[in-house]
Every structure is written in structure tokens, then in C-alpha cells.
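S.K.: Task: produce atomic coordinates for the following.
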Amino acid sequence: RDRYSRLEALSRFACTRYTFVIRGWLPARAVGELSRRLAAESSNTAVLRELRSRVPEQSPPVELANSRPSSHFEPLVKLIALPKYGTVDPTALVAGFFPPMFGLMLGDMGYGAIFAVGAALLLIFSKGRGLMRSIGIVAAASAFFTILFGALFGELFGTFGHTLGIEPLWRERFVASGPGKAEAVLGYLALTIGIGVFHVLLGLVLGIVNYRKVGDRGQLLGNISKIVGLMVLFFFVGRLVHVLPPVFTTIGAAALVAFLVLMVFQIVHEPVHGALLPLEVINTLGNILSYVRIMAIGMASVVLALLATLFGGMIENVVVAAIVVILIHSLNLALGIIDPTIQGLRLQYVEFFSKFFLGGGVPYSPFKRRGGIHP
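M.R.: Predicted coordinates:
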């Protein structure tokens, strides 16, 4: 492999009797060090020039540069693809959204504490480096938010915490019976949809930034049209259910006119894309409603934990009851880790990334010896 890399690198070298030329990519932060090394090695006879490529196929390779906490989420981004050079790197956004969404789905202090112990063991055995350490950091962040939301919801192994006198710091997300049952469910539903609105709109705004950088005017106008179309839907629906004041009828009408203008403009320049614009707005609304899965998984976790408590109370034999309770909670914890991980990543990749992410980046791979034998 080292010999192949050396042969491949020769195409970037040129040499005459008195002159040599080396061409290659280098991170901007390393240019100063290279300049000093060249000056020292060549007694100031080497010239270093930074050239900007104007040929699309010569796009620079990509090296993600994130802060230390966020960098551990880079493997989650690389599961899809590297972002195209010069576009938005979503690593910090994944670090900011995935752990809270995970915690909102599991949301239990007991499960979060067990998960935190597992994350700590991963960090201990990872010896401070590698993919295992990154998994441990992601797990630790997810465990933190699981405990946090568990405290806000007042959940400790489901409703078992209520028997110990634990009260929610904010509100319960599930009430088995009583007048607050519908309010708890609707509050949890509104929270998840609100997260979806913010997440998807943020993706559309980032898409405007990315498409402007790459010069894709059609996609840029498409994202603007989707934002305006969503505003029309939100304003009119808000007025129909009497949530918004009457002034939003006028604002919604203005937004509708703006959407129609954008649609006509799109039809003129890209007929197919413009004609399908209303369907794309509906599809974007579907992306927002997809965040209800956060509530669905969270409610399933609460109910399964409640069943463990109920079954334990119905069995007279203490040993058998303890075994049944432990087995059900173990199953619930396993599902509570797997499901939020899969669905949380799906919300990032499908609902969020699809609005702005431009892949196709080539990883930066500097020329260096990787084996123990000189090539």
C-alpha cells in the first residue's frame, strides 16, 4: 500500500536539472508550517504558492474540523457521506439535536443512569481514542439528556418513581387515568411537533445557504418556496382552530400570493419542479409530522415500564415478581436504546439532511508512510 501511494504521488512531482515542482492539497492551518520547513530545507530557494482551482473536478478534499466534543459525532455524519467541500458541515448540528431527541424518547432517570454506566465503561475500555471512545461520548451525552428529561417528566423506571414520592420538575408525559390524561398526551404531542417545525425549517434555511454557495438557483428558490408554503399552511390552520389572532389571516393571504409568484417563476424556468412545488410543500409537512415518532416511542417506553410495575404488584411471590420486573425493564431498556438510536438518526438523515446536505466530499488523505517498512 505504501509503494502504491508513492507511485501515485509521483504524478504530482516534476523535476528538471535545476528546478522541482510539487503540487498537492494541504489544510490551510498547515501552510505556515510547510512554508517554514521549505525555507529551512531549501535555504529560501523554494517558493510556496496557494492556487485556487477553478475546475469542478479538482474540488479540494474534505477534512472535518470540529471542536473536541462535536468531533465525536463525525462518524454519524460519515455514515452517510462527507459534505461537499465549502458546504455546511452538519456535525455540530447532529451533536446538538441527536442526544436531546434520544433523551426525549427514553426520558427516564433509572434507565438513563444504567445507560450512563454503560457509556462510562465504554470510555474506560476505549483507552482514550478511536471509534469506541466516540461511541462512548455519544452514549454519555444521550444518557445525560435521558436523565434530564426523566427528571422533568418525573419518571424513574416508569411510574415506579411516583411510589417513592418523586414529582416531575415540569410535567408528566403520560397519565394513566384522571382528568390530566388528555392534556399530558397533547402536551407531549405539541412538543414533538414543535421540535419538528424548528428542525425542518432550520434545514431549509441551511439549504438556502448551501445552494447559494454551489450556485444551484433552482433548489435555492425551491427551499424558499417551501418555507413560504409552510407559513401559508401554519397561518391558515392557526386561524381555523382560533390559535392565532385575526391579523394572521392577512399575513397568510400575503404569504399565499408570494408562494404563487414563486411557483409561477419556478414553472417558467423549471416546469416540472415548479408544477410539483405544492406536493413538495405537503411532503415537507409530512417530514414535520414524522417527528411524532418521538412521542410514539416515548409513550411505548412509559407503558412498558408501567406494565412491569403492574405485573410485579400482581405476583405474590417476591422472587418471581422481582424476576418478572427485571426482565421487563431489561427488555424496555434494550428497546429504549435501540429504537431512539435508529429513529433519532432517521430524523437527522431523512427529515433534516434532505433539506440541505450536499455529499460527495473526498476525504483528505495526506501522503505518509503507513507501514513499518520503508517503501
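
S.K.: tell me the pLDDT at residue 54?
M.R.: We have a pLDDT of 61 for residue 54.

S.K.: Residue 251 contacts residue 235, correct?
M.R.: Yes: between residue 251 and residue 235 there is a contact under Cβ atoms under 8 Å: 5.8 Å. In this view, the C-beta of every residue, glycine as well, is placed from N, C-alpha and C.

S.K.: neighbour-wise, which of those two wins?
M.R.: residue 235 (21 against 16; other Cβ atoms under 10 Å).

S.K.: My guess is that one contacts residue 243. True?
M.R.: No: at 10.2 Å, residue 235 does not count as touching residue 243 under the criterion of Cβ under 8 Å.

S.K.: Could you tell me the phi and psi values at the nearest residue to residue 218 once chain neighbours are set aside?
M.R.: Excluding the flanking residues, the one nearest residue 218 by Cβ to Cβ, 6 or more residues apart in numbering is residue 270, at 5.2 Å. Backbone torsions of residue 270, given as degrees, to the nearest 10, read phi -140, psi 90.

S.K.: gap between residue 270 and residue 42?
M.R.: As judged by Cβ to Cβ, to the nearest Å, residue 270 and residue 42 stand 54 Å apart.

S.K.: what do you get for residue 196?
M.R.: Going from residue 196 to residue 42 by Cβ to Cβ gives 58 Å.

S.K.: now residue 198
M.R.: Using Cβ to Cβ, residue 198 is found at 55 Å from residue 42.

S.K.: And residue 187, by the same measure?
M.R.: 69 Å.

S.K.: Likewise for residue 354?
M.R.: In terms of Cβ to Cβ, residue 354 sits 50 Å off from residue 42.

S.K.: Have a look at these two and say which one is more surrounded.
M.R.: residue 354 (14 against 11).

S.K.: dump the residue contacts of that one.
M.R.: 203, 287 (Cβ atoms under 8 Å, 6 or more residues apart in numbering).

S.K.: wait, is it part of a strand?
M.R.: No: using DSSP: H, G, I helix; E, B strand; the rest coil, the assignment for residue 354 is helix, not a strand.

S.K.: Can you check the pLDDT for it?
M.R.: Value for residue 354, per-residue pLDDT: 96.

S.K.: now residue 231
M.R.: In this model, residue 231 is scored at 96, pLDDT.

S.K.: And for it, the neighbour number?
M.R.: 19.

S.K.: List the contacts of residue 213.
M.R.: 86-87.

S.K.: Let the chain start at 31 from now.
M.R.: Sure thing, new numbering starts at 31, so read that last one as residue 243.

S.K.: Is it in a helix, a strand, or coil?
M.R.: Residue 243 - assigned by three-state DSSP - is helix.

S.K.: and residue 48, how many neighbours?
M.R.: Number of residues near residue 48 (other Cβ under 10 Å) recorded here: 6.

S.K.: Okay, and it sits in which element?
M.R.: Using DSSP states H and E, residue 48 sits in no helix or strand.

S.K.: Show the model's pLDDT score for it.
M.R.: Confidence score, pLDDT, at residue 48: 87.

S.K.: isn't residue 339 right next to residue 192, touching?
M.R.: No: using Cβ under 8 Å, residue 339 makes no contact with residue 192, being 9.2 Å away.

S.K.: Show me which of these two is the more surrounded one.
M.R.: Comparing residue 339 with residue 192 by other Cβ under 10 Å, the one with more neighbours is residue 339, at 18 against 15.

S.K.: so the more buried one sits in a strand?
M.R.: No: membership of residue 339 in a strand is not supported by three-state DSSP, which gives helix.

S.K.: which non-adjacent residue is nearest it?
M.R.: Closest residue to residue 339 in three dimensions, ignoring its sequence neighbours and counting by Cβ to Cβ, 6+ apart: residue 190, at 5.3 Å.

S.K.: Likewise for residue 167?
M.R.: Residue 167 sits nearest to residue 102 (Cβ to Cβ, 6+ apart), 4.0 Å away.

S.K.: how much space is there between that neighbour and residue 173?
M.R.: Residue 102 is 14 Å from residue 173, by Cβ to Cβ.

S.K.: Same question for residue 306.
M.R.: 43 Å.

S.K.: Next: residue 158.
M.R.: Taken as Cβ to Cβ, the span from residue 158 to residue 173 is 19 Å.

S.K.: can you check residue 398 too?
M.R.: Taking Cβ to Cβ, one finds residue 398 at 37 Å from residue 173.

S.K.: Of these two, which one has the most company?
M.R.: Neighbours per residue (other Cβ under 10 Å) separate residue 398 from residue 173, with residue 173 holding more: 25 against 7.

S.K.: For my notes, confirm the more buried one occurs in a helix.
M.R.: Yes: going by three-state DSSP, the assignment for residue 173 places it inside a helix.

S.K.: does it really touch residue 149, like I thought?
M.R.: Yes: the pair residue 173 / residue 149 is scored as a contact, 5.3 Å apart, by Cβ under 8 Å.

S.K.: where does the residue most central in space within the chain land in three-state SS?
M.R.: With distances taken as Cα atoms, centre = their mean, the residue of the chain nearest its centroid is residue 124 (3.0 Å). Secondary structure, three-state DSSP: residue 124 is helix.

S.K.: go on, residue 79?
M.R.: What three-state DSSP gives for residue 79 is coil.

S.K.: Neighbours of it, how many?
M.R.: The number of residues packed near residue 79 is 5, by other Cβ under 10 Å.
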